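Chemist: sequence plus predicted model, see below.
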Amino acid sequence: MTTLDVAIVGAGPAGLAAATLCAERGLSTSLYDEHGGPGGQIYRGITTASRARAEFLGEDYWRGATLVPPFERSGARYVPGATVWALARRADGTFGVSQSAGPPTARYATTVEARAVILATGAQERPFPIPGWTLPGVLAAGGAQLLLKTSSLVPRGRVVLAGSGPLLWLLAAQYLRAGVAIAAFLDTTPRGRLAQAAPLAPGFMLSPYLAKGLDLVRFVRRRARVVEYVTALAVEGKDAAEAVRFRHGSHEETLPADLVLLHQGVVPDVQLAGAAGCALAWNDVQACFAPVVDVWGGTSVPGLYVAGDGAGIAGAEAAEARGRLTGLAVANALGRIAGTARDAGAQRHRRELAQALRGRAFLDALYRPADAFRMPHGDTVACRCEEVSAATILQLARDGCAGPNQMKAYTRCGMGPCQGRFCGLTVTELMAQAQRRRPADVGALRARFPVKPVTLGELASLPVGEDALRAVVRSPD
Amino acid sequence: MFARLPDDAATDVAITIDGEPFAARAGDTVAAALLAAGRRVFRAAPATGAPRGPYCLMGVCFECMVTVDGRPDQQACMLAVAPGMRIETGRGVRAVGADAGTPP
């Protein structure tokens, strides 16, 4: 088996930037991605989207197009349609990277060997557990935006956008520019958040996002009904979404809706990093877990790096800079460039990163989701796969359940096909609330390989040997 | 629930949804095609049988699983449509031995 210098997972801005840099420095580089084209979620469809769309997708989206030609010229191998589901670190420090590819009727698995691995797995939607969020017709706003980018699909009928954060405003503006009417924009940013964020505003004043952000908000406010300080949000319907119910001030209101788009920010996708044994830390400002990384993206596992939003949410431009910084570190670690060359090359990317991070603290503080929308109660579903309610988790937590992993054994939360991706943070925070502990002390659901469901047929297609065994063996805690 | 923008110029991809022919578009995922066809309910939740449809559309939530070309539990949002693809919706939890797939 030939050993790659570096295997990179995820073809968003961080993965593309890292792969380009590594290949340009002469490292044999493969970039694996689950999708059929490069761009990740933020630049999804960037090589196929029509330029006529530039107008309403916005200039920030088209920045992604500048990443692809250098990547294609770099000599990095691009492997689309590949799902990486295990990483096994061997005694000699190399990694076995197990993945599946192929159409549904002929999927097969392979394991490649790599001297270093960069995870650029990016972000996922933060769970938004409210009553009715499992009803058909309730979608994540980020998902609806992907439909726009890849399939030119826009809402038809009465659409309500609800939640908080830059992406929700951006999507509203994109729809409005495309001529789609919005029944209501329900802003769940809690009262008082602006005052909390204000001390961080000086940083934001220098941010490239400030003017754009204010423009977006003004644009949406002029063209759609925006309701502020929304609380007690719920979706109602029998077999699908029919209405949204909410409170603003002392006023309760119900609006008919065919489509409800929810969003309250994104959180790092830490499934592979966590399963590989990388130390995770609770970020209280962003209310999520993220891998502990050094300034180069190096994790607690030697040879394993995390670049981009997967190491903490900072946005696409920051992800690009972080990808290049990690690429330099890997080129140095594998002996391609000297430490001095790494440090000299890093200066520009550190400046870009600093520029991209201006205002991040302000946005994090302003858009930190309300406690009630992160920690539900009663019958509200916390674990969508296994249909476990918040009340069940709270009761077991009060009864002394030791942690999320025991909670999984008691209730099956995190045991369904999503493997805890959509309930993990909710379970940790609900347990912290019930037990009056800090989320950092409660800890995270332990991710396990394979991190995506694989069939026995796929497993059986792996060549028999040490790698096949390591791909599914329980990694040491 | 969703409609195509009128200027969409992507070429048609002929598929079937629960036996009915449908013209998806190049670039569609299976989930996008189902939504474009007006489908909201993709499957039944395993524990209660409640109707479910796609939520995240980025491979995370697994709510959009459907049967594709006879293979159950495929993430509709992660799979591109292909000519002749057969998509079946509405499946809940499987009975043991009820309809096990044939090995490749």
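Modeler: Everything's here; your move. Numbers count the residues shown, from 1 in each chain, chains lettered A, B, ... in the order given.
Chemist: can I get the strand ranked longest in chain A in PDB? Just the C-alpha atoms.
Modeler: Counting residues, the longest strand found in chain A (DSSP state E) is strand A:108-119. The C-alpha coordinates for strand A:108-119 follow below in PDB (Å, rounded to 0.1, in the frame of the first residue of the first chain):
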ATOM      1  CA  TYR A 108     -17.500  -0.400  -1.200                       C
ATOM      2  CA  ALA A 109     -15.000   0.500   1.500                       C
ATOM      3  CA  THR A 110     -11.200   1.100   1.300                       C
ATOM      4  CA  THR A 111      -8.600   2.100   3.700                       C
ATOM      5  CA  VAL A 112      -5.800   4.400   2.700                       C
ATOM      6  CA  GLU A 113      -2.600   5.100   4.700                       C
ATOM      7  CA  ALA A 114      -1.500   8.600   5.400                       C
ATOM      8  CA  ARG A 115       1.300  10.200   7.400                       C
ATOM      9  CA  ALA A 116      -0.900  13.100   8.500                       C
ATOM     10  CA  VAL A 117      -4.600  13.800   8.500                       C
ATOM     11  CA  ILE A 118      -6.300  17.200   8.300                       C
ATOM     12  CA  LEU A 119     -10.000  17.200   9.300                       C
END
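Chemist: buried stuff in that strand?
Modeler: Neighbour counts over strand A:108-119 (16 or more other Cβ atoms under 10 Å in any protein chain shown) mark A:Ala109, A:Thr110, A:Thr111, A:Val112, A:Glu113, A:Ala114, A:Arg115, A:Ala116, A:Val117, A:Ile118, A:Leu119 as buried. The C-beta positions use only the backbone N, C-alpha and C, and glycine is treated the same way.
Chemist: what's the helix or strand where A:Val97 lies packed up against?
Modeler: In the assignment (DSSP states H and E), A:Val97 maps to strand A:95-101. Strand A:95-101 is packed against strand A:3-9, strand A:83-89, strand A:108-119, helix A:466-472, with contacts defined by 3 or more Cβ pairs under 8 Å, 6 or more residues apart in numbering or on different chains; DSSP states H and E.
Chemist: how much space separates A:Val9 from A:Glu317?
Modeler: Distance of A:Val9 to A:Glu317, computed by Cβ to Cβ, to the nearest Å: 21 Å.
Chemist: which of those two has more neighbours?
Modeler: A:Val9 (26 against 19; other Cβ atoms under 10 Å in any protein chain shown).
Chemist: report pLDDT for that one.
Modeler: Note on A:Val9: pLDDT of 98.
Chemist: swap in the one 10 residues further on?
Modeler: You'll see A:Ala19 listed with a pLDDT of 98.
Chemist: and if you look at B:Asp7?
Modeler: On the pLDDT scale, B:Asp7 is placed at 76.
Chemist: got a list of what the residue nearest to the spatial centre of chain A touches?
Modeler: In chain A, the residue lying closest to the centroid (Cα atoms, centre = their mean) is A:Ala123, at 1.3 Å. Going by Cβ atoms under 8 Å, 6 or more residues apart in numbering or on different chains, A:Ala123 touches A:Gln41, A:Val266, A:Val267, A:Pro268, A:Asp269, A:Asp309, A:Gly310, A:Ile313.
Chemist: re the thing from before, and the strand holding A:Val97, which strands flank it?
Modeler: Strand pairing for strand A:95-101, determined by DSSP bridges: strand A:83-89 (antiparallel), strand A:108-119 (antiparallel).
Chemist: tell me the secondary structure for A:Leu186?
Modeler: Secondary structure state of A:Leu186, per DSSP: H, G, I helix; E, B strand; the rest coil, is strand.
Chemist: tell me how far it lies from chain B.
Modeler: Distance of A:Leu186 to chain B, computed by Cβ to the nearest Cβ, to the nearest Å: 18 Å.
Chemist: in contact with that residue, which residues?
Modeler: A:Leu186 touches A:Val160, A:Leu161, A:Ala162, A:Gly163, A:Val227, A:Val230, A:Leu233, A:Val244, A:Phe246, counting by Cβ under 8 Å, 6+ apart.
Chemist: so can I have JSON lines of the strands paired with strand A:95-101 showing mean pLDDT?
Modeler: As requested, those are arranged in JSON lines below (pLDDT from 0 to 100):
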{"stretch": "strand A:83-89", "mean pLDDT": "95"}
{"stretch": "strand A:108-119", "mean pLDDT": "96"}
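Chemist: burial measure for B:Gly70, as a count.
Modeler: Counted with other Cβ under 10 Å, B:Gly70 comes out at 12.
Chemist: for it, give me the pLDDT.
Modeler: Model confidence at B:Gly70, given as pLDDT, is 94.
Chemist: I'd assumed B:Met85 was in contact with it.
Modeler: No. At 10.8 Å, B:Gly70 does not count as touching B:Met85 under the criterion of Cβ atoms under 8 Å.
Chemist: average model confidence for stretch A:242-258?
Modeler: The model assigns stretch A:242-258 a mean pLDDT of 97.
Chemist: and the end-to-end length of it?
Modeler: Start-to-end span of stretch A:242-258 (Cα to Cα, to the nearest Å) is 6 Å.
Chemist: is any part of that stretch close to chain B?
Modeler: Yes. Residues of stretch A:242-258 are located near chain B by Cβ under 8 Å from any Cβ of the partner chain, namely A:Asp258.
Chemist: and the contacts of the strand holding A:Val97?
Modeler: If you take Cβ under 8 Å, 6+ apart as the criterion, strand A:95-101 is touched by A:7, A:9, A:32, A:79, A:81-90, A:107-117, A:303-304, A:449-450, A:452, A:454, A:458, A:462, A:467, A:470-471.
Chemist: anything in stretch B:21-36 near chain A?
Modeler: Yes. Contact of stretch B:21-36 with chain A (Cβ under 8 Å from any Cβ) involves B:Arg25, B:Gly27, B:Asp28, B:Thr29, B:Ala32, B:Leu35, B:Ala36.
Chemist: go through the buried residues of strand A:108-119 and name the one nearest chain B.
Modeler: A:Ala109 (12.2 Å; Cβ to the nearest Cβ).
Chemist: A:Thr455 is in contact with that closest one, correct?
Modeler: No. Judged on Cβ under 8 Å, A:Ala109 makes no contact with A:Thr455 at a distance of 9.2 Å.
Chemist: partners of B:Arg86 in the sheet?
Modeler: According to DSSP bridges, beta-bridge pairing links B:Arg86 with B:Thr16.
Chemist: list the residues that contact it.
Modeler: Contact partners of B:Arg86, counting by Cβ under 8 Å, 6+ apart, are B:Ile15, B:Thr16, B:Val68, B:Asp69, B:Gly70.
Chemist: which residues touch the first one?
Modeler: In other words, B:Ile15. Residues in contact with B:Ile15, defined by Cβ under 8 Å, 6+ apart, are B:Pro21, B:Phe22, B:Ala24, B:Ala33, B:Val81, B:Ala82, B:Pro83, B:Gly84, B:Met85, B:Arg86, B:Ile87.
Chemist: confirm that the first one sits in a helix.
Modeler: Spelled out, that is B:Pro21. No. According to three-state DSSP, B:Pro21 belongs to no helix; its state is strand.
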